[in-house]
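S.K.: Sequence plus the predicted model coming up.
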Amino acid sequence: MNLDELRTVWKEYDRKLQTSQAIQERIITSMIAERSANRFSRVRNQYRFGLGWMAACLVFSVIVIATNPFDYQYIIQYIPMAIFATGLSILLADMAKSYAAFQKILVTHYNVADALKRIIAIYEQPKRIIRYTVIIFVFSQIVLLPLSFLPPNVDRMGLWPALAERIIPISIGALLFLAAFKLGAFKERHVDKFKKDLSELQSLRNMSDELLKAE
């Protein structure tokens, strides 16, 4: 085999290698895109369910305030339910905003990297007001809501026995919240998985760029 034939064979081998590399990259990109798209679809479904559930709870809280089914005697007893309704309104508005932003994103093979960056950016928007809202919201439901039933118990049992009786639901609520927190019920897991998908995609492209430079 002379030098020209050797060059021809080498060029053909190099062409096949590049083709194989491009096909593998396309397959892996398609797999990442499909996985991300399926997860993103589940996220949007969860947001739809969450919006519906929170809207129903908000309607319930408004009905309670308007109709007083618990026979509240003092205005102060309405405060926990008013905080509940206000907190729900804020959280509902924030969730609706994120959901509207998600609706504008479509994950495909051709734009998977850009789509993942946009999804992650929505998750990581500064939400200091939401954090404070959640803290006040949780405190009102664990502590203030049980105490809103204190006045009739005081009339029936006396102050200290009534307070002791109210400690039971407060303690149970606090323990349930701490257990849920420890188990990760309030942790956003999807964003870490989207970041992993983006990292895998970027690693693949970096590897491809390095191979091209080496040639």
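M.R.: Yep, that arrived.
S.K.: The closest residue to residue 188 other than its chain neighbours - how many residues pack around it?
M.R.: Leaving aside its chain neighbours, residue 188 sits nearest to residue 123 (6.6 Å; criterion: Cβ to Cβ, 6 or more residues apart in numbering). Glycine gets a C-beta too; all of them are placed from N, C-alpha and C. Neighbours of residue 123 under the rule other Cβ atoms under 10 Å: 16.
S.K.: quick one: the spatially most central residue of the chain from residue 157, how far?
M.R.: For the chain, the residue sitting closest to the mean C-alpha position, by Cα atoms, centre = their mean, is residue 188 at 4.6 Å. Distance, residue 188 to residue 157, by Cβ to Cβ, to the nearest Å: 43 Å.
S.K.: ok, back up a step: can you tell me the element the residue nearest to the centre of the chain falls in?
M.R.: For residue 188, there is no enclosing helix or strand under DSSP states H and E.
S.K.: The one 3 residues further on now?
M.R.: Counting by DSSP H and E, the element that carries residue 191 is helix 190-214.
S.K.: Outside of that helix itself, list whatever touches it.
M.R.: For helix 190-214, contacts defined as Cβ atoms under 8 Å, 6 or more residues apart in numbering pick out 21, 25, 28-29, 32, 35-36, 39-40, 43, 112-113, 116-117, 119-120, 123-124.
S.K.: And for stretch 156-168?
M.R.: Stretch 156-168 has contacts (Cβ under 8 Å, 6+ apart) with 146-147, 149-150, 153-154.
S.K.: which among the residues you listed end up buried?
M.R.: Buried by 16 or more other Cβ atoms under 10 Å: 146-147, 149-150, 153, out of these.
S.K.: For residue 69, state which of these is nearest.
M.R.: residue 149 (12.3 Å; Cβ to Cβ).
S.K.: I'd guessed the closest one sits against residue 71; true?
M.R.: No. Look at residue 149 against residue 71 with Cβ atoms under 8 Å: they stay out of range, at 9.6 Å.
S.K.: Secondary structure element holding the residue nearest to residue 138 when sequence neighbours are not counted?
M.R.: If the residues on either side of it in the chain are set aside, residue 138 comes closest to residue 177, at 6.4 Å by Cβ to Cβ, 6+ apart. Using DSSP H and E, residue 177 sits in helix 159-182.
S.K.: what residue ranges in this structure score low on pLDDT?
M.R.: For the chain, the stretches with pLDDT under 70 are 1-25, 184-186, 208-215.
S.K.: please redo it, this time with the cut-off set to 90
M.R.: Residues of the chain meeting the criterion pLDDT under 90: 1-35, 70-71, 73-74, 108-113, 123-170, 173-174, 176-192, 197-215.
S.K.: could you pull out the strands for it?
M.R.: Taking DSSP state E, the chain contains no strands at all.
S.K.: circling back: mind putting the contacts of stretch 156-168 into TSV with distance to residue 82?
M.R.: Output for those, formatted as TSV (distance: Cβ to Cβ, whole Å):
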residue	distance to residue 82
146	16
147	14
149	15
150	17
153	21
154	21
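S.K.: Sort out for me which of these are in helices.
M.R.: Mapping the contacts of stretch 156-168 onto helices (DSSP state H) picks out 146-147, 150, 153-154.
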